[in-house]
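*Asks:* Quick one: sequence and predicted model below, then my questions.
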Amino acid sequence: MMILTEAQCHAICDMGYFNTTIYGYMVEALEIAGFSREDIRKAIGGMRTALDETTAAEAEEAFRTF
């Protein structure tokens, strides 16, 4: 099994390899929480912007300090 460093994981995420998976998890979570389809669409739009404008390291820090 290959173990990646945190920097390598961030680099892979920053290249967008897992964006579709991230969207899928987000849709599932918002559906479970009872959000409407319209609200989920708005959240996906926000996520697209966040994925385009935020690095993986910045996103982890945002979550840790939430």
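*Replies:* That came through, no problem.
*Asks:* Following the lengthiest helix in the chain in sequence, what is the next regular element?
*Replies:* Scanning the chain for the helix with the most residues, using DSSP state H, yields helix 37-53. Using DSSP states H and E, the helix or strand that follows helix 37-53 towards the C-terminus is helix 56-64.
*Asks:* Show me what that following helix is packed against.
*Replies:* Other helices and strands packing on helix 56-64, by 3 or more Cβ pairs under 8 Å, 6 or more residues apart in numbering; DSSP states H and E, are helix 6-14. Quick note: C-beta positions are derived from backbone N, CA and C, even for glycine.
*Asks:* quick one: contacts for T54?
*Replies:* T54 makes contact with A62 under the criterion Cβ atoms under 8 Å, 6 or more residues apart in numbering.
*Asks:* What separation do you get for it and I3?
*Replies:* 25 Å (Cβ to Cβ, to the nearest Å).
*Asks:* How far off centre is the longest helix of the chain?
*Replies:* 10 Å (Cα atoms, centre = their mean, to the nearest Å).
*Asks:* mind listing what's buried in that helix?
*Replies:* 40, 43, 51 (16 or more other Cβ atoms under 10 Å).
*Asks:* can you list those residues in a markdown table and add pLDDT?
*Replies:* Below are those laid out as a markdown table (pLDDT from 0 to 100):
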| residue | pLDDT |
| --- | --- |
| I40 | 97 |
| A43 | 97 |
| L51 | 93 |
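*Asks:* Turn those residues into a markdown table, including distance to Y25.
*Replies:* Below are these laid out as a markdown table (distance: Cβ to Cβ, whole Å):
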| residue | distance to Y25 |
| --- | --- |
| I40 | 12 |
| A43 | 12 |
| L51 | 13 |
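*Asks:* Among those residues, pick out the one closest to C13, please.
*Replies:* L51 (8.9 Å; Cβ to Cβ).
*Asks:* just checking, the closest one touches T21?
*Replies:* No - L51 is beyond contact range of T21, at 11.5 Å (criterion: Cβ atoms under 8 Å).
*Asks:* in the protein, which residue is closest to the centre?
*Replies:* I22 (4.7 Å; Cα atoms, centre = their mean).
*Asks:* now the angle from the lowest-mean-pLDDT helix or strand in the chain to helix 37-53?
*Replies:* Using mean pLDDT, DSSP states H and E, the weakest-scoring helix or strand in the chain turns out to be helix 6-14, at a mean of 89. On the basis of axes from the mean of the first three to the mean of the last three Cα atoms, to 10 degrees, helix 6-14 is oriented at 130 degrees to helix 37-53.
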